[in-house]
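1. Predicted model and sequence follow; I will ask about them next.
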2 protein chains.
Amino acid sequence: MNLRIPGPTAVPPEVLAAGAAEMINHRGPEFAAMIARTTEGVKKVFQTKNELATLSASGTGAMEAAVVNMMAPGEPALVITIGEFGDRFVNLVNAYGGRLTQQDYEPGQAADLNRIEDALKDNPDIKLVFITHNETSTGVTNPILPELGKLVHKYDGLLVVDTISSLSSVPVLTDEWDLDVVLSGSQKGWMTAPGLAFVSVNERAWAKAAKNPQPRFYFDLKRHTDSAATGQTPWTPAVSVWFQLDKSLEMMLAEGLESIFARHERAGKMVRDGVRALGLELLADEGVESNTVTAIKVPEGVDGNQWLKVARDDFDTVFAGGQGNLRGKIVRFGHLGYMTDDDLKAGLEALKASLERVRK
Amino acid sequence: MNLRIPGPTAVPPEVLAAGAAEMINHRGPEFAAMIARTTEGVKKVFQTKNELATLSASGTGAMEAAVVNMMAPGEPALVITIGEFGDRFVNLVNAYGGRLTQQDYEPGQAADLNRIEDALKDNPDIKLVFITHNETSTGVTNPILPELGKLVHKYDGLLVVDTISSLSSVPVLTDEWDLDVVLSGSQKGWMTAPGLAFVSVNERAWAKAAKNPQPRFYFDLKRHTDSAATGQTPWTPAVSVWFQLDKSLEMMLAEGLESIFARHERAGKMVRDGVRALGLELLADEGVESNTVTAIKVPEGVDGNQWLKVARDDFDTVFAGGQGNLRGKIVRFGHLGYMTDDDLKAGLEALKASLERVRK
């Protein structure tokens, strides 16, 4: 099966084998050595010297961790949303009693730095901003990250960035861009099964968390980094997924970040070119297309769900559909993590053949 | 390595192999079939017809789920604690703003039904009770569960039971004992890696949760059971651990609950007899010893940490030490999940040989 969804992504055989190792004591020396190694490795990919917490949870757990550690009940917060995963921050801020200012964009659009500055100017009480880097639901990468940290800090704010489906596939310069809290999840470019999530926290963010009365326990980031410093986790970790991560990091660091980023850039271009060659349109505006996932508009007269079903049943290729309001309107083609050019070519052929079949 | 800790426990080779299967779409038909199967299987082991949520988190995540779904901020709550894991409920109730009444017992003691009734009589505003069934930190199984549900309901209360290290190894009759919220975790008798946790919720508990204003999102149980009814999870699940669970449930149901319980009863007796034959004392009071973990008092003049180290380094056997105030004072011998009589005999021999060596 050609799994062409934007996560969970295919896991390399070496990583699957590593995850099938015998269980160990999570309070023993093997685990201590492993958490030291993976924390160091994940930080290299995050391009950060900040502290890093590894949570036994999915990416949404990391998003919740960012919210409950950084936002006090009743605190004003700006959420920039360009799709479903931005909306998840909206839901989290609402769930935890934030005073929400929401800035929406049309599906396919990227966020605009000037509009964000306007919002910060208009709402001088906002000191906390949430944004998605790569919006998995629309295939858009927000290009403003290099400037956004500086902008938010100019207004004395703190910036939380969901890079779940970008970091490890495309460049995220956590320290150079001065991103305060950065999130990712194991099931994307990390070539690992779902079940672990990462949160980097800089000094500015720790200072804010230290004064934050929002209740938290499982996702209390300080407990995680304090435990990690002693070679442990505060709660029993997802050991088998951690074994996988340990192996995949070894492979990623051997490949090198520049080579990984170049590979994803090439993959994005190959898929976009292939999709356009079929006469299909992308949802993403030109220039902000994601290099990890491509959202393709379902052409007039085609049943999007049927297209997905035929691709799957007749051509052994699994694409993702649209979420929320985009259900039935787009097909999403994942191109991140463990993949070869042949996987992508086969994906494009399956896309074409299945479309022809549903058009008949 | 003979992993003789009370979890994570050894995972059978068939289950490890199942966990190394290729990744699938967590929104596709294979996952839908799997979650239906595992929910049904876990409910059989829970001996319940109640709804069941499977969380991608460790056991502490299930404990937090119970607290945030069932307890309102400022609500009075009684926590019965006979050790570290009871204390974790204390910490959770405090973290989420409960008005705590704490009933403590000495390490090794079981909880007393009369003392609990006294607490409920003395505090008629308490309508929420937390208890640990099997206290992993002291090797004690509270024997009062069959009567406790009825008692708590007599005072119009709701009962939450942490059966993380008991259910799946020893009988927990969720429905017959009328236990409102019951928790377990994959890395114990379930013979699966850590990373999944289970919460069963009865009608009484759903009614309470529906009126509970406590903020929650990742651990919102209703989201999990609603999603499960459509063959999905609300957030990306720990798929590879789920593959393992699917396989281990198949093995457990083939073995049969009665046979599993008998095996653990025999294991508990074998280990206790073996430990006593070495002239060692148990921490647990007589009659309430756990059939999943035995806590052994470190004899006068022996360095408990050294004992653990020698067992590990020289005899390839990993026991657990004491937690909190019991650090260095006890050695814990796990006997749950995937194990043979030979594993236990080898564990007892390693216990003896390492003790002799540290005594020299």
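-> Nice, I can see it.
2. which residues of the stretch 251-360 of chain A score low on pLDDT?
-> Segments of the stretch 251-360 of chain A classed as low confidence (criterion: pLDDT under 70) are not present in this model.
3. need the contact list for the closest residue to chain B within it.
-> Each residue of the stretch 251-360 of chain A has a distance to chain B, by C-beta to the nearest C-beta, and the smallest belongs to residue A:318, at 5.0 Å. From N, CA and C alone the C-beta is placed, and that goes for glycine too. The neighbourhood of residue A:318, defined by C-beta atoms under 8 Å, 6 or more residues apart in numbering or on different chains, consists of A:1-5, A:311-312, B:25, B:28.
4. quick one: which of the residues you listed is most hemmed in?
-> residue A:4 (29 neighbours; other C-beta atoms under 10 Å in any protein chain shown).
5. roughly how far apart are that one and chain B?
-> The spacing between residue A:4 and chain B, counted by C-beta to the nearest C-beta, to the nearest Å, is 10 Å.
6. in what helix or strand does the residue nearest to that residue when sequence neighbours are not counted lie?
-> Here the nearest residue to residue A:4 in space, its sequence neighbours aside, is residue A:347; by C-beta to C-beta, 6 or more residues apart in numbering or on different chains that works out to 4.5 Å. When secondary structure is defined using DSSP states H and E, the element that contains residue A:347 is helix A:341-359.
7. could you say what helices and strands that helix packs with?
-> Using 3 or more C-beta pairs under 8 Å, 6 or more residues apart in numbering or on different chains; DSSP states H and E as the contact definition, the elements that helix A:341-359 packs against are strand A:2-3, helix A:257-277, helix A:304-315, strand A:317-318, strand A:330-334.
8. most packed of the ones you listed?
-> Across the helices and strands packed on helix A:341-359, the average number of neighbours (mean count of other C-beta atoms under 10 Å in any protein chain shown) peaks for strand A:330-334, which reaches a mean of 26.
9. re earlier: JSON lines for the helices and strands packed on helix A:341-359, including distance to residue B:323?
-> As requested, these are exported to JSON lines (distance: least, C-beta to C-beta, whole Å):
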{"stretch": "strand A:2-3", "distance to residue B:323": "41"}
{"stretch": "helix A:257-277", "distance to residue B:323": "40"}
{"stretch": "helix A:304-315", "distance to residue B:323": "49"}
{"stretch": "strand A:317-318", "distance to residue B:323": "44"}
{"stretch": "strand A:330-334", "distance to residue B:323": "43"}
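10. which residues does the residue sitting nearest the centre point of chain A contact?
-> Central residue check for chain A by C-alpha atoms, centre = their mean: the C-alpha nearest the mean position is that of residue A:164, 1.4 Å away. Under the criterion of C-beta under 8 Å, 6+ apart, the contact partners of residue A:164 comprise A:59, A:62-63, A:85, A:134, A:136, A:183-185, A:188, A:197.
11. Ok, residue A:80 next?
-> The contact partners of residue A:80, taken as C-beta under 8 Å, 6+ apart, are A:86, A:103, A:105, A:111, A:116, A:129-132, A:142.
12. and if we set it to 10 Å?
-> By C-beta atoms under 10 Å, 6 or more residues apart in numbering or on different chains, the contact set of residue A:80 is A:86, A:89-90, A:101-105, A:110-112, A:115-116, A:119, A:129-132, A:142, A:144, A:148.
13. Same question for residue A:65.
-> With contacts taken as C-beta under 10 Å, 6+ apart, residue A:65 has the following neighbours: A:53, A:55, A:57, A:92, A:160, A:181, A:183, A:197, A:199, A:201, A:216, A:218-221, A:224, B:218.
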